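Novice: below are the sequence and a predicted model for it; my questions follow.
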Amino acid sequence: MTDFSVAPRLDGREQHFRIPGPRDGLSLFLRFLPAEKTRFRRRRSVLYVHGATFPSALSIAHRFDGKSWRDALDEAGFDVWGLDFYGFGHSDRYPEMDQPAAVNPALCVAEDAALQLEAAIRFILAHQDLEQLSLISHSWGSMPAGLFAGKYSALIDRWVLFAPIGRRGPRRYEAPASFPAWRIVTAQDQWNRFVEDVPARVSPVLSRAHFEEWAERYLDSDPQSRSRDPAGVKTPLGPFSEIIKAWHGHLAYDPALVRAPVAIIRGEWDGLMLDDDAKWLFDAFTQSPEKRDIKIGRGTHLLHLEAMRPALWQESINFLLGGDASPAPA
């Protein structure tokens, strides 16, 4: 099996942890950036839960023009963690990923990923002696996060759902397709996905130069990626299969079980989170004591990689601050 254990540090202060996961013999990778300065009365931690095709290093921790979303959270005083699910980034790969894709069902479904998330959260809380942490989830990541938050709401302070997946009505006479265990995702596949929702005759929101830099790091996330033609990253298909199920009326978690404050943050051109999806999801969080639905202009499903990313950073920080909007003086 390919060794994914060696992870370059993205910041001189970054710490790495390998922890046991729910599957015997497979470990999970966590990256941690403690706040350099904080004025919170007690330290506050945020855990980022990635989406369907790329891990924490390429999302919250990736720097465009020298700054990342993680850096913005760090400057606001938050300790920031990133988890890679099995099959992604520097966590171990499922043994099934060494077998032909068609031999096994889709890997890394939400129920499995929620157990991985639970292992990570319990490690973080114990490591930092905390009672709660906050979550930021992207896209499909809202499904394992939702399963965990619904079961263990007391452990979640606040939850930012960035570009989440909502439930759409069942389709008559059409069942969701079944998917193999994994697939290869190329840099061109990612580029196509990143730009497809930007309206015609609108100036680009993701520069090609930024993407090319990002794409090299993306291919680095799988040591075997460049041995393929075309180069591509082997990716579990459980997340994609569950997005399709949600669009056939079967969301992987029940928002009504969540009792933490929630904020839905999305771009105006997000083709995976339509206005009707957002309304349904917002209304479905019936037990959340505080809810926000925030739409940011000139953004797609990949807003965190685009020109309007600073607005996303600020909106997430404003919400996460909650009762600490005026932290204690240093």
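Specialist: Sure thing, it's come through.
Novice: ok so M273 is a strand residue?
Specialist: No: applying DSSP: H, G, I helix; E, B strand; the rest coil, one finds M273 to be coil, outside a strand.
Novice: distance of it from R39?
Specialist: 34 Å (C-beta to C-beta, to the nearest Å). No exception for glycine: its C-beta is placed from N, CA and C like everyone else's.
Novice: which of those two has more neighbours?
Specialist: M273 (24 against 13; other C-beta atoms under 10 Å).
Novice: name the nearest residue to that one, ignoring sequence neighbours.
Specialist: R266 (4.8 Å; C-beta to C-beta, 6 or more residues apart in numbering).
Novice: quick one, phi/psi of W214?
Specialist: Per-residue torsions, W214: phi -60, psi -40 (degrees, to the nearest 10).
Novice: oh, I was asking about P22
Specialist: Torsion angles, degrees, to the nearest 10, at P22: phi -70, psi -20.
Novice: before we move on, what about L321?
Specialist: The phi/psi pair for L321 (degrees, to the nearest 10) is phi -60, psi -40.
Novice: count of residues packed around it?
Specialist: 17.
Novice: what's the spacing between the closest residue to it other than its chain neighbours and A307?
Specialist: In space, and not counting its chain neighbours, L321 is closest to A76: 7.2 Å by C-beta to C-beta, 6+ apart. Noted for A76: a distance of 21 Å to A307, by C-beta to C-beta.
Novice: and what of W280?
Specialist: W280 is 29 Å from A307, by C-beta to C-beta.
Novice: need the contact list for the closest residue to V109 other than its chain neighbours.
Specialist: Among residues not flanking V109 along the chain, G238 sits closest, at 3.9 Å (C-beta to C-beta, 6+ apart). Counting by C-beta atoms under 8 Å, 6 or more residues apart in numbering, G238 makes contact with 106-110, 112-113, 179.
Novice: so A149 is in contact with L135, correct?
Specialist: Yes: using C-beta atoms under 8 Å, A149 is in contact with L135, at 7.0 Å.
Novice: mind listing the shared neighbours of the two?
Specialist: By C-beta under 8 Å, 6+ apart, the residues touching both A149 and L135 are 156, 159.
Novice: this protein: helices as residue ranges?
Specialist: 69-75, 110-128, 142-151, 187-195, 208-220, 238-246, 275-284, 309-321 (DSSP state H).
Novice: how about the contacts made by H62?
Specialist: Per C-beta under 8 Å, 6+ apart, neighbours of H62: 10, 68, 214, 217, 305.
Novice: nope, P180 is what I meant
Specialist: 101-102, 104-106, 237.
Novice: could you list the low-confidence segments of the protein?
Specialist: Scanning the chain for pLDDT under 70 picks out 1-5, 172-173, 323-330.
Novice: centroid residue for it?
Specialist: Centroid check for the chain by C-alpha atoms, centre = their mean gives H50 as the closest residue, at 2.0 Å.
Novice: is that one in contact with G87, as I believe?
Specialist: No: H50 is beyond contact range of G87, at 11.2 Å (criterion: C-beta under 8 Å).
Novice: spatially nearest residue to T38 (excluding sequence neighbours)?
Specialist: G77 is the one closest to T38 (C-beta to C-beta, 6+ apart), at 3.7 Å.
Novice: what do you get for I184?
Specialist: G232 (3.9 Å).
Novice: got the contact list for the one you found?
Specialist: Counting by C-beta under 8 Å, 6+ apart, G232 touches 184-187, 189, 219, 222, 225.
Novice: TSV for these, including neighbour count?
Specialist: Compiled in TSV, the contacts of G232 are given as follows (neighbours: other C-beta atoms under 10 Å):
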residue	neighbour count
I184	15
V185	21
T186	18
A187	19
D189	16
L219	19
D222	23
S225	19
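Novice: which single one of those is nearest to A126?
Specialist: D222 (30.9 Å; C-beta to C-beta).
Novice: which one is that closest one nearest to, not counting chain neighbours?
Specialist: V233 (4.2 Å).
Novice: my read is that that neighbour contacts P223, right?
Specialist: No: assessed by C-beta under 8 Å, V233 is found out of contact with P223, at 10.1 Å.
Novice: near F282, how many other residues are there?
Specialist: 18.
Novice: wait, A154 sits on Q132?
Specialist: Yes: judged on C-beta under 8 Å, A154 makes contact with Q132 at a distance of 7.5 Å.
Novice: tell me which of the two has more neighbours.
Specialist: Q132 (17 against 10).
Novice: could you measure from the more buried one over to S56?
Specialist: With C-beta to C-beta as the criterion, Q132 and S56 are 20 Å apart.
Novice: and F78, by the same measure?
Specialist: In terms of C-beta to C-beta, F78 sits 15 Å off from S56.
Novice: what's the answer for V205, then?
Specialist: For V205 relative to S56 (C-beta to C-beta), the value is 22 Å.
Novice: between the two, who's got more neighbours?
Specialist: When V205 and S56 are compared for neighbours, S56 comes out ahead with 28 against 21, by other C-beta under 10 Å.
Novice: circling back: may I ask which of the contacts of P180 has the most neighbours?
Specialist: L237 (23 neighbours).
Novice: just the helices of the chain: most buried one?
Specialist: Here the criterion is mean neighbour count by mean count of other C-beta atoms under 10 Å, and of those the winner is helix 142-151, at a mean of 25.
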